[in-house]
Every structure is written in structure tokens, then in C-alpha cells.
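Enquirer: give me a 3D structure for the following:
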Amino acid sequence: MATRIDKEACRDAYNLVRDDTTDINWAAFKYEGSMIVPAGHGTDYAEFKSLCTDDVRLFGFVRITTGDAMSKRAKFTLITWIGENVSGLQRAKISTDKTLVKEVVQNFAKEFMLSDSRELDEDYLRNELKKAGGANYDAQAE
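Expert: Residues are numbered from 1 along each chain as shown. Got it, this is the predicted structure:
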């Protein structure tokens, strides 16, 4: 059966993360059968990480504040999580299913495909986003 996505519900969760007037900084999207649906959203990144277990595959849209002494800005990332115990068939299918998610999650600075929980470290993601972000004035000392 072909995978489908609940665009309306997923778009609502996506917009909560993008909205500067909320503290929501992550939204997750999971599989319910052959449908991709919101798995939750929140303000604590640790909550998102707790969803990323060895037996699941999910997508996360995360806001991370980056910047330097001169400016702070919100950067967004799309995380594809594939747990270590996910079957080969489900692993293969996730790349085509990601196109459905990208119809909703359209604006992000960097994309990650992760399966090791150590790679979910927020500082690691922040540093990768900082590298992708261009100018960095932290190195200048006065």
C-alpha cells in the first residue's frame, strides 16, 4: 500500500515550529500504518530525542537558535530518523516517503538522516547549522 500523509495536520505542526510567537521548537511526524501523521510537538528538544528509539522511523522538524556575538537567528532542520532495528524494507521506503514530508516541510537550512542517537546531540546539530549559515563572527576577539 502506498504511503500517504495527513498534509493538513502535518502542516499545522510545521507552522507551529516556524511561528516566532510560540515557544514550540520541534514537531515530529510518524507512521501510523501507511499514513504519516504528527507524532507531537514541544518546547524541550529532549522530548523529541526520546521519540527517536531503535525501533521507529520518523521525521522531525526542529528550530535551533544559532548565531554569534553579532546576531542570533532561528535555523530549521529536517531530521529523518531511522532506528537501528528498523527492517531493510522500511529503511528503503523512507527515502521515497520523505518526498511526501517535503511537500509540507519546505523551508529548512540543512537536512540530516540519522540512526545513531549520539548524532541527535543538539550541540552537534547547532554546529552543523552554524557551518551552513555563512559568516561567523565568534572568532573575532576585541
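Enquirer: would you mark the buried spots in whichever strand or helix holds residue 27?
Expert: With elements taken from DSSP states H and E, the one containing residue 27 is strand 26-32. Residues of strand 26-32 classed as buried: 26, 27, 28, 29, 30, 31 (neighbour count, 16 or more other Cβ atoms under 10 Å). C-beta coordinates here come from the backbone N, C-alpha and C atoms, glycine included.
Enquirer: which helices and strands does the following helix or strand past that strand pack with?
Expert: Heading C-terminal from strand 26-32, the first helix or strand you meet, by DSSP H and E, is strand 35-42. The helices and strands touching strand 35-42, judged by 3 or more Cβ pairs under 8 Å, 6 or more residues apart in numbering; DSSP states H and E, are strand 4-5, helix 7-18, strand 26-32, helix 45-51, helix 88-102.
Enquirer: dump these to CSV, plus mean pLDDT.
Expert: Rendered in CSV, the data for the helices and strands packed on strand 35-42 read as follows (pLDDT from 0 to 100):
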stretch, mean pLDDT
strand 4-5, 96
helix 7-18, 97
strand 26-32, 97
helix 45-51, 96
helix 88-102, 94
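Enquirer: and of these, who's closest to residue 62?
Expert: strand 26-32 (4.6 Å; Cβ to Cβ).
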